[in-house]
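>>> Give me a model of this one.
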Amino acid sequence: MKSNVHVLWLFGIIGIIIIGSEAGTKWQKQDDKKPELLCYVCNSLYDTRCADPFDPYTLGYIDCNLKDPPGHLNSTLKPILCRKTVQRVDGKIRVVRGCGYIPDKRDDKECVRRLGTHNVQVTYCACKKSFCNGAHSLLTNPSISFKLGTAILLIKFTYF
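All right, here's what the predicted structure looks like:
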């Protein structure tokens, strides 16, 4: 009977952590007609914190809806995704993160790698959720990492 109480207590704590961490973002929506698309915007050539491994807590982000599209695009285009591009030219790596305006059938799927002439390689990733251009691994997502780590600690201290 005592172990059942511990299990219920453990699941209750995990539930509170998950619900609490998700609830904090719901009030931040400003307008249902124009939802925020928050993306990291940086270039590792100018700021080494933009490179991988990426630490999203040390770098800012912007609401892409408040940013004008680049000059070479139609000014009526609206941002629809976040991008991360890794360029390798002659062994030098540059990471560029930003807002995206043109959809592609590969968005929200695996990253695409392209090889070019003269030792040029580009890996391109696009995703449609806020903050998704920070990292592309489940375990490097700050929210999931926090939840997973908390659950492991609770289980460890409850049963061992």
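>>> Give me the contacts around stretch 41-60.
Stretch 41-60 is contacted from outside by 40, 61-62, 67, 86, 93-99, 131, 134-135, 140, 142, using CB atoms under 8 Å, 6 or more residues apart in numbering. The C-beta positions use only the backbone N, C-alpha and C, and glycine is treated the same way.
>>> which secondary structure element contains residue 74?
For residue 74, there is no enclosing helix or strand under DSSP states H and E.
>>> Just give the number of residues close to it.
Under the neighbour criterion other CB atoms under 10 Å, residue 74 is assigned a count of 8.
>>> try residue 37
Using other CB under 10 Å as the criterion, the residues surrounding residue 37 number 23.
>>> before we move on, back to that, which among the contacts of stretch 41-60 count as buried?
40, 61-62, 86, 94-99, 131, 134-135 (16 or more other CB atoms under 10 Å).
>>> Which of those residues fall within strands?
Secondary structure assignment (DSSP state E) places 40, 61-62, 86, 94-99 from the buried ones among the contacts of stretch 41-60 within strands.
>>> ok, and the closest non-adjacent residue to residue 107?
Once its chain neighbours are removed from consideration, residue 107 has its nearest residue in residue 126; the separation is 4.4 Å (CB to CB, 6 or more residues apart in numbering).
>>> Quick one: mean pLDDT over the one helix or strand that neighbour maps to.
Assigned by DSSP H and E, residue 126 belongs to strand 120-127. The average of the pLDDT scores along strand 120-127 is 94.
>>> Sheet-wise, list the partners of that strand with their directions.
Using DSSP bridges, strand 120-127 pairs in its sheet with strand 81-89 (antiparallel), strand 112-116 (antiparallel).
>>> highest average neighbour count across these?
The densest packing among the strands paired with strand 120-127, expressed as mean neighbour count by mean count of other CB atoms under 10 Å, is seen in strand 81-89 with a mean of 20.
>>> Give me the contact list for that one.
The set of residues external to strand 81-89 that reach it, using CB under 8 Å, 6+ apart, is 37, 39-40, 52, 64, 93-100, 103, 107-108, 111, 119-134, 136.
>>> Which parts of this structure are helices?
Remark: helices assigned in the chain by DSSP state H are 2-26, 142-159.
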